[in-house]
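**Student:** sequence first, then the predicted structure:
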Amino acid sequence: MTAALALILGFCFGDAAHRAYAEEDPDALRALVEVSRTREDTLLLRYRLYALTERPGLVADIPTDVDSASARELALLSALWGYRTKDLGLLELYVVGRRTIGLLDRALALAPQDPLVTLIDAQSLLFRPGIAGGSKRRALERLRELQTHVREAPSCGVSRLEADVWLWYALERNDDPAADSVRTALEAQPLPALYRKFLADPP
C-alpha cells in the first residue's frame, strides 16, 4: 500500500510518513508532499527524508523559529537543525547547537510526554556530546517512557516498532545485558527494510 493510498483510507499523515520511511522509500515520502496540509506535516517529511537520504537541501533553508509553534513543530525543527551540525566548524557548531537545544527545550516545556517529542529528545540525548548535555542513560529512560506510552495508546507518527528498535539501540549504547534478548525478539518478527539494517549495522 502506498503512503498516499494509506492516507486516503484513513491513516494519519504521520503514520503514512513513518511507513514510507521504515520501508526506505524516499519516493513515497516525496509523494506525500502533495497531500500534506500543515506546517507539521512539512517538517515531518523533511525529518524522515533527511534520515533516509542525508540530502543537504532538506535542511538548507529551515527557519530558526516559527510563530505559534506546537511542541511537535519545535521538536522537528530542533532535529532538523541538529542534522545541520554535521561537519560544522567549532563556532558554527556552538551557535547551531544552542539553537537546537533551545528549540527542544521549548518543545519539552509544552508537551514533554508527546511521543514524537520524546523520541526526538531521546535521539538528541543519545547523539549529543556529554559536554552539551547528552546522556545515554537519560536517553534510555526516555525511550522506556516512550515504549510504555505507545503500548498503552496508539500515537500518530511513532509506532510501537520504532519505539522498540530505539529502546534496543539505547540498551546497546549503555552496554545493558538486556540488549541481546531485545534484539533477538525484534529479529524474530517481520521487520521493514530500514529496521533490519538498523539492527544489523547501527550507527
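**Tutor:** Cool, got the structure. Residues are numbered from 1 along each chain as shown.
**Student:** got a list of what the spatially most central residue of the chain touches?
**Tutor:** Central residue of the chain (CA atoms, centre = their mean): residue 120, 5.0 Å from the mean position. Contact analysis of residue 120 by CB atoms under 8 Å, 6 or more residues apart in numbering lists 75, 76, 78, 79, 104, 107. To be clear about C-beta, it is placed using only N, CA and C from the backbone, and glycine gets the same treatment.
**Student:** redo that, cut-off 6 Å
**Tutor:** Counting by CB atoms under 6 Å, 6 or more residues apart in numbering, residue 120 touches 75, 79.
**Student:** tell me the pLDDT at it?
**Tutor:** What the model reports for residue 120 is a pLDDT of 98.
**Student:** how much space separates it from residue 65?
**Tutor:** Look at residue 120 and residue 65: by CB to CB, to the nearest Å, they are 17 Å apart.
**Student:** same deal with residue 190?
**Tutor:** Note on residue 190: its distance to residue 65, by CB to CB, is 41 Å.
**Student:** the more surrounded of those two?
**Tutor:** In this view residue 190 and residue 65 are compared by other CB atoms under 10 Å, and residue 65 has more residues nearby, 11 against 7.
**Student:** element containing that one?
**Tutor:** Residue 65 is part of no helix or strand when elements are defined by DSSP states H and E.
**Student:** same question for residue 72.
**Tutor:** Secondary structure assignment for residue 72, by DSSP H and E: helix 71-83.
**Student:** skipping its backbone neighbours, what lies nearest residue 106 in space?
**Tutor:** residue 74 (4.9 Å; CB to CB, 6 or more residues apart in numbering).
**Student:** show the contacting residues for that neighbour.
**Tutor:** 103, 106, 107.
**Student:** tally of neighbours for residue 173?
**Tutor:** Neighbours of residue 173 (other CB under 10 Å): 17.
**Student:** ditto for residue 187
**Tutor:** Residue 187: 13 neighbours (other CB under 10 Å).
**Student:** CA atoms only: put stretch 32-39 into CSV for me.
**Tutor:** The C-alpha coordinates for stretch 32-39 follow below in CSV (Å, rounded to 0.1, in the frame of the first residue of the first chain):
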residue,chain,number,x,y,z
LEU,A,32,3.2,12.8,0.5
VAL,A,33,4.1,16.5,-0.2
GLU,A,34,1.0,16.5,-2.5
VAL,A,35,-1.3,15.6,0.4
SER,A,36,0.5,17.4,3.3
ARG,A,37,-1.8,20.0,4.9
THR,A,38,0.1,21.6,7.8
ARG,A,39,3.5,23.0,8.7
